[in-house]
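1. any chance you can model this:
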Amino acid sequence: GMKDRQFEEHIFPNAIVFGADKLAKDGRLGSISFCLNKLRYFFWYEHFEWQSLYKATPQQLASLRRLRRDQERRYDFFHPLELYVIHQPHRVLRFKAGDSTYEIFSGYSSKGGGWSDLNLKAEPSARITFDTPVSIDDAVNRIWTWKRFFSQVAMQTLSVEAISAGTRRRRYPEATLYLPYARVNSQENSYPGDFHPGDAPLNRWRDRGALAEVMQRWLSKEERRRQFRISVDDVVENMRKRASITDIVTLCSAIEGLSELNEKTALSDAQIEVIVCGAAAAATASSIEVTPDRLRGLLKMLQHQSLPRKMNLLMRRLATTIKKENQELLFKTVLELRTIAAHGRSITEMIIPRVGPTVEALASVCALFDLLTCEMPLAAHDRPINPISRAETAIARLRRQS
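-> From the prediction side, this is the model:
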């Protein structure tokens, strides 16, 4: 009855583990693997090759017959027209970043094989192996960290479709993780301009080494760019669902938090102390009453880099990719909309149409800054990478609304 229910407690876990006996006794993970929606676009390799057997020679057919496994088949039906070669699954790339090893593996699944139906599908999977076993929360955070790289390139949130975990050795079966809070974007293909294989740079087999190096550099900057990347990823995920001036505030705060954008001319703590001591001595000699702490506080304000300064520095890094007139328009609009949000002013009907393009352009510029400073190529198959093309398209829309 109701009286007994007062003792009930409902628990909503962050993660549910199936097959937890595959983990270490303390529940820690030596490795974690995951599949990502559209991950195959980043590794657009030919797993299956087609060859015509039209008018094949008797020697070729005899060689194929010897390859067939079932030699006891009474009826052979052996008169082939086509041949499909399936490459053996392999490891695509492997690199070390920090205390973890990152790998991409390829594999395939088959379905059918009866009278008239055979479906073959190749899918890559990602794996992170830890030098020292980590907790489930830490392991899942590493997935999301790496996932943000792919989302930046795509300028689209790519959902995690499957997660498994186990020891440092790649053994099957592994434990399976279910994350109740993770959203699966099943309707991604319904949007125009979606990410597709032609948008992914370095996605050919010959480029796998260069792609691994870019990822390694990108992950090496995670500690100082983590909050910046989280903010950009959050805006990219939401900007398809809404056009909110709050997203502009979020991106501006992310830019302000980038310590890398501090100007070299800013005073150091040591320089401030020299000036404070000199000013205090001069004030004493002139009988002026001023405390050193007050002088120190005023000079410390010079160390603070304002949003306009940091945006100028960020745009300067992108001078070769975003036209100057486009930078100026975006810079002016961002500061205007951010001021409106900061002062709580009402958003008029003239302003609303400018919000969406500004959010998309600023998010693209932030992602572009992050990728280019890790030496990501500017082009994918002779056209600009997604953050560049998305920024240019959004700024063109913004210009029409201005």
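
2. count of residues packed around residue 251?
-> A count of nearby residues for residue 251, using other CB atoms under 10 Å, gives 23. C-beta: built from backbone N, CA, C; applies to glycine.

3. would you map the helices across the chain?
-> 2-5, 58-67, 136-154, 208-220, 222-238, 245-256, 269-285, 292-300, 307-317, 324-342, 352-372, 386-401 (DSSP state H).

4. make a markdown table out of these and add mean pLDDT and distance to residue 32.
-> Formatted as a markdown table, those follow (pLDDT from 0 to 100; distance: least, CB to CB, whole Å):
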| stretch | mean pLDDT | distance to residue 32 |
| --- | --- | --- |
| helix 2-5 | 52 | 38 |
| helix 58-67 | 80 | 38 |
| helix 136-154 | 95 | 4 |
| helix 208-220 | 96 | 15 |
| helix 222-238 | 94 | 16 |
| helix 245-256 | 93 | 27 |
| helix 269-285 | 81 | 41 |
| helix 292-300 | 72 | 43 |
| helix 307-317 | 88 | 33 |
| helix 324-342 | 91 | 38 |
| helix 352-372 | 95 | 24 |
| helix 386-401 | 93 | 27 |
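
5. ok, which of the ones you listed comes nearest residue 47?
-> Evaluated over the helices of the chain, closeness to residue 47 peaks at helix 208-220, with 14.0 Å, by CB to CB.

6. and residue 174, how many neighbours does it have?
-> 19.

7. surely it meets residue 19?
-> Yes - when contacts are counted by CB atoms under 8 Å, residue 174 is listed as touching residue 19 (7.2 Å).

8. most neighbours per residue, which of the helices of the chain?
-> helix 352-372 (a mean of 24; mean count of other CB atoms under 10 Å).

9. tell me what that helix is packed against?
-> helix 136-154, helix 208-220, helix 222-238, helix 245-256, helix 307-317, helix 324-342, helix 386-401 (3 or more CB pairs under 8 Å, 6 or more residues apart in numbering; DSSP states H and E).

10. give the rounded mean pLDDT of the longest strand belonging to the chain.
-> Secondary structure of the chain per DSSP state E: the longest strand is strand 118-134. Strand 118-134 shows a mean pLDDT of 89 in the predicted model.

11. can you list the strands that that strand pairs with?
-> Strand pairing for strand 118-134, using DSSP bridges, gives strand 29-36 (antiparallel), strand 100-112 (antiparallel).

12. can you tell me which of these is nearest to residue 84?
-> The closest approach between residue 84 and any of these, judged by CB to CB, belongs to strand 100-112 at 10.9 Å.

13. so the closest one versus helix 208-220, what angle?
-> 130 degrees (axes from the mean of the first three to the mean of the last three CA atoms, to 10 degrees).

14. what average pLDDT does strand 100-112 get?
-> 85.

15. what sits up against that strand?
-> Here strand 100-112 makes contact (CB atoms under 8 Å, 6 or more residues apart in numbering) with 43, 45, 47, 86, 89-96, 117-131, 142, 146, 215-216, 219.

16. let's see 6 Å
-> 89, 91-95, 118-122, 124-130 (CB atoms under 6 Å, 6 or more residues apart in numbering).

17. give me the buried entries from those residues.
-> 92, 93, 95, 122, 124, 125, 126, 127, 128, 129, 130 (16 or more other CB atoms under 10 Å).

18. now for those residues, which pair is the farthest apart?
-> Going by CB to CB, the pair spanning those furthest: 122 and 130, at 27.3 Å.

19. just the CA coordinates for stretch 106-121, please, in PDB.
-> Extracted in PDB, the C-alpha atoms of stretch 106-121 (Å, rounded to 0.1, in the frame of the first residue of the first chain):
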ATOM      1  CA  SER A 106      37.500  -2.000 -39.400                       C
ATOM      2  CA  GLY A 107      35.200  -4.900 -39.600                       C
ATOM      3  CA  TYR A 108      32.200  -6.100 -41.600                       C
ATOM      4  CA  SER A 109      28.900  -7.900 -41.100                       C
ATOM      5  CA  SER A 110      27.000 -10.000 -43.600                       C
ATOM      6  CA  LYS A 111      23.300 -10.700 -43.900                       C
ATOM      7  CA  GLY A 112      21.400 -13.100 -46.200                       C
ATOM      8  CA  GLY A 113      23.300 -15.300 -48.600                       C
ATOM      9  CA  GLY A 114      20.300 -17.300 -49.800                       C
ATOM     10  CA  TRP A 115      18.900 -17.600 -53.300                       C
ATOM     11  CA  SER A 116      19.000 -13.900 -54.200                       C
ATOM     12  CA  ASP A 117      19.900 -11.700 -51.200                       C
ATOM     13  CA  LEU A 118      23.300 -10.800 -49.800                       C
ATOM     14  CA  ASN A 119      24.000  -7.700 -47.800                       C
ATOM     15  CA  LEU A 120      27.600  -6.800 -46.700                       C
ATOM     16  CA  LYS A 121      28.300  -3.800 -44.500                       C
END
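
20. how far does stretch 117-127 sit from its chain's centre?
-> 22 Å (CA atoms, centre = their mean, to the nearest Å).

21. any chance of the strands paired with strand 118-134 in TSV with mean neighbour count and distance to residue 306 as columns?
-> Output for the strands paired with strand 118-134, formatted as TSV (neighbours: other CB atoms under 10 Å; distance: least, CB to CB, whole Å):
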stretch	mean neighbour count	distance to residue 306
strand 29-36	22	38
strand 100-112	15	37
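
22. now do residue 288 against residue 295, distance only.
-> The gap separating residue 288 from residue 295 is 11 Å, by CB to CB, to the nearest Å.

23. do residue 256 as well
-> 25 Å.

24. same check on residue 24?
-> Residue 24 is 57 Å from residue 295, by CB to CB.
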